[in-house]
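Student: Sequence first, then the predicted structure, then my questions.
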Amino acid sequence: DTEVTQTPKHLVMGMTNKKSLKCEQHMGHRAMYWYKQKAKKPPELMFVYSYEKLSINESVPSRFSPECPNSSLLNLHLHALQPEDSALYLCASGSGERGTQYFGPGTRLTVL
Amino acid sequence: SQQGEEDPQALSIQEGENATMNCSYKTSINNLQWYRQNSGRGLVHLILIRSNEREKHSGRLRVTLDTSKKSSSLLITASRAADTASYFCATGYEFDDMRFGAGTRLTVKP
């Protein structure tokens, strides 16, 4: 299985809502990543988990809270988001050590 | 933060022509990768070239790397309409983090 899955595909939420994005991979990869991508811009790294431990946090606001329950799953908990947080959120996995990353299809998030 | 700069930002060619995209970066790297993204979807890995390699081929793709100039190029030969997408270079230097260039939007007209 060489696929990274993400749910939901689309999400619309208000600024007071709490929601979660989910990501799953079954390739045995030890590293998992969250990226944020605005329209016509490159993906921006948010978080990196290595062996289920948070190894990189790119100074992301606390309204984004990542969680890695096990080696196959990665969540991104959202709370009190702002309209400017509307973007495509991409999950990726890889063997780490600056190697190839495998991306999911993304969750299109709209914050009203 | 963004690491690489790519040019051109947009490229429009006819089917069958070759497309060349360039990427420049600022710091020392361990490797450089190229990814493709179809509109609004996830990224697909195309090719990885290590810092001690100068050229790499994969099908219709040819990538070069010049570490002295801190630049790389991606050549797509005999382009097809299905090659229409955004292409990003990505550089890895610190452990596990990867930074993407601004990307080139390629349009291949049938």
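Tutor: Yep, it's here.
Student: Chain neighbours aside, what residue packs nearest to residue A:14?
Tutor: Excluding the flanking residues, the one nearest residue A:14 by C-beta to C-beta, 6 or more residues apart in numbering or on different chains is residue A:112, at 5.4 Å. C-beta: built from backbone N, CA, C; applies to glycine.
Student: Verify the stated contact: that neighbour with residue A:83.
Tutor: Yes: contact status for residue A:112 versus residue A:83: in contact at 7.1 Å, counting by C-beta atoms under 8 Å.
Student: anything in contact with each of the two?
Tutor: Overlap of the contact sets of residue A:112 and residue A:83 (by C-beta atoms under 8 Å, 6 or more residues apart in numbering or on different chains) consists of residue A:15.
Student: The residue in chain B that chain A sits nearest to: what's it in contact with?
Tutor: Nearest residue of chain B to chain A (C-beta to the nearest C-beta) works out as residue B:92 at 3.1 Å. By C-beta under 8 Å, 6+ apart, residue B:92 lies in contact with A:98-99, B:29-33, B:98-99.
Student: now for these, which pair is the farthest apart?
Tutor: Taking C-beta to C-beta, the two most distant members of the contacts of residue B:92 are A:99 and B:99; they sit 14.7 Å apart.
Student: More neighbours: which of those two?
Tutor: Neighbours per residue (other C-beta atoms under 10 Å in any protein chain shown) separate residue A:99 from residue B:99, with residue B:99 holding more: 22 against 17.
Student: Next one: the closest residue to residue A:96 other than its chain neighbours relative to residue A:55, how far apart?
Tutor: In this structure, residue A:96 finds its nearest non-sequential neighbour in residue A:31, 3.9 Å apart by C-beta to C-beta, 6+ apart. In this view, residue A:31 and residue A:55 are 8 Å apart by C-beta to C-beta, to the nearest Å.
Student: neighbour-wise, which of the two wins?
Tutor: Taking neighbours as other C-beta under 10 Å, residue A:31 and residue A:55 compare with residue A:31 leading, 22 against 14.
Student: so that one bridges to which residues?
Tutor: Beta-bridge partners for residue A:31, by DSSP bridges, are residue A:50, residue A:94.
Student: pretty sure it contacts residue A:49?
Tutor: Yes: applying C-beta under 8 Å as the test, residue A:31 and residue A:49 come out as touching, 6.7 Å apart.
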